[in-house]
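> coords please:
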Amino acid sequence: MVLRLYTVGATLLIVIALSLHDVPVYSADPEAVTDFVVPGDVNASSLDGSFFTSPLLRTDKIEKGDTRNVTRIPVNSTVFPALKGLGVSFSLVQYPPQTFNGLHIHPRGAELLYVVQGVLDMGFIDSTNKLFIQSLQKGDVFVVPTGLVHFQINRDKNQTCKTVAAFSSSNPGIIRLRNNIFKSGISDAVLEKSFGVSADTIKALEGS
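The predicted structure follows:
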């Protein structure tokens with residue numbers, strides 16, 4: 001199976017572009033002023049333990065994951081309302097053999113990733129444009145500060161890697177840089193000037 005990596009050219013262009021701009025400031029979850037947030041259409045007195053329980057990660061749903069692509073099952077305030085205002089969430093992420101989770105950002109939360117099974121290469125780029133990368137083994141934990149560009153690669157040819165990624169936000173969000181830059185409708189002229197490349201190169205990246 002061919003390792004699903006974006007083109008080297010696309011990756012380098014994105015990293016160069018990021019290094020030319022100021023690092024944005026991201027907001028965090030607001031300070032909690034109540035024990036938990038009750039949905040507006042719900043009577044608080046009617047709540048019971050089921051409100052604080054989510055079945056999203058039951059085994060049958062996990063094991064039927066995609067065997068060719070990275071599978072992400074988020075448990076955030078969008079799908080689990082009890083998390084709203086608590087400043088926490090997580091995702092179960094599975095990386096089949098030789099798959100790649102491309103350059104992306106979580107704009108509203110730091111990520112703490114725990115390797116449950118397999119091995120995983122994970123790295124991020126800080127605001128000084130320094131790359132930090134580590135080969136993670138089962139039981140390892142790796143942290144990515146809020147808003148920094150990062151990626152994961154399972155280079156193993158046979159074993160699926162399973163991870164749990166916790167976040168310091170009830171809805172950390174995800175921005176995939178390739179789509180954010182080349183699939184968002186930004187003028188080709190702006191992209192050409194930003195990256196210092198030809199129109200043909202931009203067209204190739206938009207179509208890849």
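
> could you report the neighbour count for Val119?
17 (other CB atoms under 10 Å). C-beta coordinates here come from the backbone N, C-alpha and C atoms, glycine included.

> I'd like the distance between it and Gln159.
8 Å (CB to CB, to the nearest Å).

> A strand includes Asn180, no?
No: using DSSP: H, G, I helix; E, B strand; the rest coil, the assignment for Asn180 is helix, not a strand.

> for it, give its distance to Ile105.
8 Å.

> and the residue nearest the centre of this protein?
Nearest to the mean C-alpha position of the chain, by CA atoms, centre = their mean, lies Ile174 at 5.2 Å.

> contact partners for it?
Ile174 makes contact with 104-106, according to CB atoms under 8 Å, 6 or more residues apart in numbering.

> try it again with 10 Å
Ile174 is in contact with 72, 74, 91, 104-108, counting by CB atoms under 10 Å, 6 or more residues apart in numbering.

> right, and Leu57 touches Val164 too?
Yes: contact status for Leu57 versus Val164: in contact at 9.1 Å, counting by CB atoms under 10 Å.

> looking at the two, which one has more neighbours?
Neighbour count, other CB under 10 Å: between Leu57 and Val164, Val164 has more, with 16 against 13.

> helix/strand/coil for that one?
strand.

> contacts only, for it.
By CB under 10 Å, 6+ apart, the contact list for Val164 reads 57, 75, 90-93, 112-116, 141.

> what does Phe80 give?
Neighbours of Phe80 in contact, by CB under 10 Å, 6+ apart: 51-56, 74, 89, 170.
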